[in-house]
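In: have a look at this prediction, sequence included:
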Amino acid sequence: MAKIGFIGLGNMGGPMAANLIKAQHHVTGFDLVPSALSAFSGNGGHTAASAPEAAGAGEVIVTMLPAGPQVRAVYLGPDGIIARASKGALLIDCSTIDVDTARAVAAEAAKAGLQMIDAPVSGGTGGATAGTLTFMVGGEESAFARARPVLEKMGRTIVHAGASGAGQTAKICNNMILAASMIATCEGFALAEKLGLPAQTLFDICSTSTSQCWAMTGYCPVPGPVPAAPSNRDYAAGFTAANMLKDLRLAQQAAGSAGAATPLGAAAANLYQLYVDGGGGPFDFSGIMRLIRRDKPAD
């Protein structure tokens with residue numbers, strides 16, 4: 001089994017690392033939050049005192065970090081992962097970040113003789129815990145082949161999207177589509193409610209008609225039709241509205257750089273900004289139903 005360094009053991013990274021441990025890998029991890037380190041240790045992980053120490057302990061190094069600036073800080077510089085990694089180590093960044101940062105850090109890794117992939121995920125905390133995440137991977141084919149056995153211990157679907165940065169591109173495009181689909185689904189259910197049509201009736205019709213989409217059939221934003229959906233648990237987060245807003249901002253940044261027209265993506269970003277500003281950030285992204293229905297702000 002591989003020796004793996006894992007940096008970033010939060011809501012996503014913690015269960016991902018736990019699945020690697022269950023697969024009998026020797027995992028050395030680090031996080032700035034003591035409680036995350038304690039949970040990791042309780043799952044059988046070996047704790048490091050710093051990110052460089054965790055990086056030096058693995059022939060494979062996995063990171064799950066909040067944003068591009070943190071990825072640059074952890075990977076670059078005289079005490080960064082690239083400088084501290086062992087010869088021939090494989091670097092796997094599972095953070096969702098801007099495409100430019102993904103490409104820049106991968107280029108620095110290549111200069112140091114290291115292979116690196118960007119491998120952002122879809123599936124939320126439930127998928128991280130169950131080991132059913134989808135990985136969208138950017139990088140060389142040989143690096144993807146090396147990473148696949150590790151990723152398979154954390155996910156169900158692993159797709160090579162292309163060169164460095166392609167994984168991030170796929171992730172932000174996917175989530176822009178998802179956000180717009182969720183808002184449209186919420187609007188449909190809110191209109192039906194105003195017109196006196198029960199949510200279950202609308203679901204029964206639309207889930208087998210042309211408006212069918214995952215936001216409806218897998219994650220219905222009103223309680224009842226899909227029992228496992230967060231709407232049945234006061235929108236307890238599987239994927240927070242704050243994280244959706246982050247991804248929408250990344251999509252808008254990329255669209256601006258590429259000169260791409262994304263009017264619905266821009267509108268979705270504006271609506272999620274309103275929801276987050278109103279207190280919805282910690283709740284599930286499907287909780288934007290509260291904004292569409294004009295419910296009182298989330299507590």
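Out: Great, that's in hand. Being a predicted model, the structure only gives us computed values, none of them experimental. Residues are numbered from 1 along each chain as shown.
In: any stretches of the chain with poor pLDDT?
Out: Where the chain drops to pLDDT under 70, the residues are 296-299.
In: quick one: the helices in this protein, in order.
Out: 13-22, 34-42, 51-56, 68-75, 81-84, 99-111, 124-130, 141-151, 166-194, 199-206, 214-217, 241-258, 263-275, 289-292 (DSSP state H).
In: just checking, G131 touches I21?
Out: No. Under the criterion of Cβ atoms under 8 Å, G131 is not in contact with I21, lying 11.6 Å apart. Backbone N, C-alpha and C define where each C-beta goes, glycine included.
In: setting aside sequence neighbours, what's the nearest residue to S207?
Out: Spatial nearest neighbour of S207, excluding adjacent residues (Cβ to Cβ, 6 or more residues apart in numbering): T217 at 5.0 Å.
In: count of neighbours near the one you found?
Out: Each residue near T217 was counted by other Cβ atoms under 10 Å, and the total is 16.
In: how near is it to Q253?
Out: According to Cβ to Cβ, to the nearest Å, T217 and Q253 sit 31 Å apart.
In: count the residues that sit near G8.
Out: 28.
In: does F285 touch A241 like I think?
Out: Yes. Between F285 and A241 there is a contact under Cβ under 8 Å: 4.7 Å.
In: shared neighbours of those two, which are they?
Out: By Cβ atoms under 8 Å, 6 or more residues apart in numbering, F285 and A241 have these common neighbours: Y272.
In: and the two? which has more neighbours close in?
Out: It is F285, of F285 and A241, that has more neighbours when counted by other Cβ under 10 Å, with 33 against 28.
In: burial check on the residue nearest to that one when sequence neighbours are not counted, number of neighbours?
Out: In space, and not counting its chain neighbours, F285 is closest to M244: 4.0 Å by Cβ to Cβ, 6+ apart. Counted by other Cβ under 10 Å, the residues lying close to M244 total 25.
In: domain parsing of the chain, as residue ranges.
Out: 3-163, 169-292 (automatic domain parsing).
In: quick one: residues contacting F6.
Out: Contacts of F6 by Cβ under 8 Å, 6+ apart are 13, 16-17, 20, 27-30, 40, 45, 54, 58, 61-64.
In: M216 too?
Out: 185, 203, 206-207.
In: ChimeraX command for the buried members of those residues?
Out: The ChimeraX command for the buried members of the contacts of M216 (criterion: 16 or more other Cβ atoms under 10 Å) is given here:
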select :185,203,206
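In: can you lay out the contacts of M216 as TSV showing distance to D118?
Out: Putting the contacts of M216 into TSV (distance: Cβ to Cβ, whole Å) gives the following:
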residue	distance to D118
T185	29
F203	37
C206	35
S207	34
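In: show me which of the contacts of M216 is closest to L291.
Out: Of all those, L291 sits closest to T185, with 13.3 Å by Cβ to Cβ.
In: surely the closest one touches W214?
Out: No. Using Cβ under 8 Å, T185 makes no contact with W214, being 9.5 Å away.
In: so who does the nearest residue to V121 once chain neighbours are set aside touch?
Out: Spatial nearest neighbour of V121, excluding adjacent residues (Cβ to Cβ, 6+ apart): L133 at 4.5 Å. For L133, the contacting residues are 16, 121-123, 127, 154-157, by Cβ under 8 Å, 6+ apart.
In: distance from the chain centre to stretch 237-244, please.
Out: Centroid displacement of stretch 237-244 relative to its chain, using Cα atoms, centre = their mean, to the nearest Å, is 9 Å.
In: swap that for stretch 158-167, please
Out: Relative to its chain's centre, stretch 158-167 lies at 15 Å (Cα atoms, centre = their mean).
In: and if you look at stretch 162-169?
Out: Worked out by Cα atoms, centre = their mean, stretch 162-169 lies 14 Å from the chain centre.
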